[in-house]
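Undergrad: Build me a structure from this.
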Amino acid sequence: MSHAFYVSAHNALATTAVDLSVDVWSTFMNDRAPLAKHTPTLTMDDGIARITVRHGSTESHWIEAIYAMDETDALCGICEYPEPTSSGYENVDNTTCSFKSACDGTTITAYGYDNKHGLWVGSDVAVADWANWDAYLVAHNAWEAYVENTPSSFDTDRVPIAKHTPVVTMAKGVATITVGHGSTEDHWIEAVGYFDQNGEIYVQYFTEPDDSGDYDNDAQVAMLTPPAHVATVRAFESCNKHGLWEGQPASVAHWELVEAYGNLTGELSANVTIVNSEAGAGVHVAVASEATWAYDQNGELYVGEFAPPAHVASLTPYAFLTGVGGVKFGAETAYPVEDPSTNPTASPTASPTASPTASATASATASPTASPTDFSPGCRCRSMSLWFVVVYCVVL
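TA: Model (predicted):
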């Protein structure tokens, strides 16, 4: 079948279904739901496109077709599926379509057609981003000291600033990815980007500085605005001499939460401290609080109780106090805490029931997912597993 056929079928449904509009393809791009079951997501590996629709198929309700088109409306590839039988043997939880792209455009857009809920469209995907990623993997694999197809990380090292590993901070909807490695002629950071929870790629590129020194820098910084549906940002960078490096996954909802609470503004308080907990670490507050969080020495954010990655050397605690207390923060503390016996333990409590804005409450309840980390040779379409992150507050 053709795109026109599925457009016509969608419009036929739209005449009877109140949640569909004629000639308007549905999408979850304006929603931060971690996994929207209808919207197709597209990844690529050496020219092979893989489209995933997280909607299962059963008798009477199934994904009829998945396909992709480029910006010229050329068909790049299509998979069509018969209705599963009543036996249940053909039932699936996810529907996928893989194909060698047959189009020559610079961008590819994925579509999925549900027999009951019509046509759905994914994000425009830059073919060059995936081609560049494949090239970065090849260059990375050429280094004998590296594990093939596995970006390096400083997560196993408690060095306060590891120059290659990217660090994510967020404010006002913009993700700032900082790589502490400078760029000079012949040795530079050529790309900085991230994968979201669905395996989609977002990249900013940098050219080699010339020999004048005018374009040298001490750190490479990329500023990217995640689309509304992005729940998790896992940053990567490519160094032209030292390959691929990846950072810790960052929860967009967590950054929105602390921003709503006032983020780094507030008053120093001896009542807000870092303590050891069953999870690893937490923030102890001597008075009632709605939410607690901490930043490590690199500016990375941790909410509630958490297990600090191995590279965390120090933590600065924050809390939003109940009532008119506002934001308070404590002194930067070396981690692990040297003498846990002298510190109270942070006890798990309920998620905050109030927040300064409705958007903060929504963000706090969003469930970010783990960014894809499967770079094995046979499966670079990136598997995902859901990480549910619970926001704790300490109520005394």
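Undergrad: Output the helix or strand where residue 233 lies in CSV, but only the C-alpha positions, please.
TA: Assigned by DSSP states H and E, residue 233 belongs to strand 232-239. What follows is strand 232-239, C-alpha atoms only, in CSV (Å, rounded to 0.1, in the frame of the first residue of the first chain):
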residue,chain,number,x,y,z
THR,A,232,16.0,11.4,29.5
VAL,A,233,19.2,12.8,28.1
ARG,A,234,22.3,10.6,27.9
ALA,A,235,25.1,12.7,26.5
PHE,A,236,28.0,11.6,24.3
GLU,A,237,30.9,13.3,22.7
SER,A,238,33.4,12.3,20.0
CYS,A,239,37.1,13.3,20.3
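Undergrad: Determine the set of other helices and strands touching whatever helix or strand comes next after it.
TA: With elements assigned by DSSP H and E, the helix or strand that comes after strand 232-239 is strand 243-251. Other elements packing on strand 243-251 under the criterion 3 or more C-beta pairs under 8 Å, 6 or more residues apart in numbering; DSSP states H and E are helix 127-141, strand 167-171, strand 174-179, strand 232-239, strand 301-303. (C-beta placed from N, C-alpha, C; glycine too.)
Undergrad: pLDDT weak spots in the stretch 151-300 of the chain?
TA: 263-264 (pLDDT under 70).
Undergrad: please redo it, this time with the cut-off set to 80
TA: Within the stretch 151-300 of the chain, the ranges that satisfy pLDDT under 80 run 160-161, 262-265.
Undergrad: cool, the stretch 1-150 of the chain as well?
TA: By pLDDT under 80, the weakly predicted segments of the stretch 1-150 of the chain are 17-18.
Undergrad: quick one, strands of it?
TA: 41-45, 48-53, 63-70, 75-80, 95-100, 107-114, 118-126 (DSSP state E, counting those that start in this stretch).
Undergrad: Which parts of the stretch 151-300 of the chain are strands?
TA: Under DSSP E, counting those that start in this stretch, the stretch 151-300 of the chain gives strands at 167-171, 174-179, 189-195, 201-205, 220-224, 232-239, 243-251, 267-268, 272-275, 282-285, 289-296.
Undergrad: Next one: residue 40 from residue 81, what distance?
TA: Applying C-beta to C-beta, to the nearest Å, the value for residue 40 to residue 81 is 13 Å.
Undergrad: and these two? which has more neighbours close in?
TA: Neighbours around residue 40 and residue 81, counted as other C-beta atoms under 10 Å, are more numerous at residue 40. The numbers are 28 against 17.
Undergrad: Contact partners for that one?
TA: Residue 40 is in contact with 51, 52, 53, 66, 110, 111, 112, 120, 121, 122, counting by C-beta atoms under 8 Å, 6 or more residues apart in numbering.
Undergrad: tell me the two of those that are most distant?
TA: Comparing all pairs in these by C-beta to C-beta, the longest separation belongs to 52 and 121, at 14.1 Å.
Undergrad: Could you check which of the two has the larger neighbour count?
TA: Neighbour count, other C-beta under 10 Å: between residue 52 and residue 121, residue 52 has more, with 25 against 18.
Undergrad: contacting residues around that one?
TA: Residues in contact with residue 52 (C-beta under 8 Å, 6+ apart) are 40, 41, 42, 43, 94, 95, 96, 198, 199, 381.
Undergrad: So which bits of stretch 231-246 are buried?
TA: Residues of stretch 231-246 classed as buried: 231-240, 242-246 (neighbour count, 16 or more other C-beta atoms under 10 Å).
Undergrad: That should have said stretch 114-132, apologies.
TA: 114-115, 117-123, 125-127, 129-130, 132.
Undergrad: picking up where we left off before, buried by neighbour count, from the contacts of residue 52: which ones?
TA: Buried among the contacts of residue 52 (16+ other C-beta under 10 Å): 40, 41, 42, 43, 95, 198, 199, 381.
Undergrad: separation between residue 325 and residue 266?
TA: Separation of residue 325 from residue 266 (C-beta to C-beta) stands at 10 Å.
Undergrad: Kindly report the same for residue 228.
TA: Counting by C-beta to C-beta - residue 228 and residue 266 are separated by 28 Å.
Undergrad: Look at the two and report which has more neighbours.
TA: Per other C-beta under 10 Å, whichever of residue 228 and residue 266 has more neighbours is residue 266, with 18 against 14.
Undergrad: from memory the more buried one sits against residue 329, does it?
TA: Yes. With contact defined as C-beta atoms under 8 Å, residue 266 and residue 329 form a contacting pair (5.2 Å).
Undergrad: which residues are in contact with both of these two?
TA: The contact sets of residue 266 and residue 329 overlap at residue 318 (C-beta under 8 Å, 6+ apart).
Undergrad: Quick one: neighbours of residue 225, just the number.
TA: 11.
Undergrad: what's the nearest residue to it if we skip its chain neighbours?
TA: Nearest residue to residue 225 in three dimensions, chain neighbours excluded: residue 174, at 5.3 Å (C-beta to C-beta, 6 or more residues apart in numbering).
Undergrad: Now for the one you found, how many residues are close by?
TA: Look at residue 174: counted by other C-beta under 10 Å, it has 11 neighbours.
Undergrad: Show me what it bridges to in the sheet.
TA: With beta bridges defined as DSSP bridges, residue 174 has these partners: residue 171.
Undergrad: I'd like the distance between it and residue 258.
TA: Here the criterion is C-beta to C-beta. By it, residue 174 lies 15 Å from residue 258.
Undergrad: what's the answer for residue 120, then?
TA: Distance from residue 120 to residue 258, by C-beta to C-beta: 33 Å.
Undergrad: Same question for residue 56.
TA: 36 Å.
Undergrad: Then residue 148?
TA: Distance, residue 148 to residue 258, using C-beta to C-beta: 38 Å.
Undergrad: higher neighbour count, those two?
TA: Taking other C-beta under 10 Å, residue 148 and residue 258 do not tie; residue 258 has more neighbours (24 against 13).
Undergrad: what residues are up against that one?
TA: 291, 293, 301, 303, 318.
Undergrad: What number of residues are in the vicinity of the first one?
TA: So the one you mean is residue 291. Residue 291 has 29 neighbours, counted by other C-beta under 10 Å.
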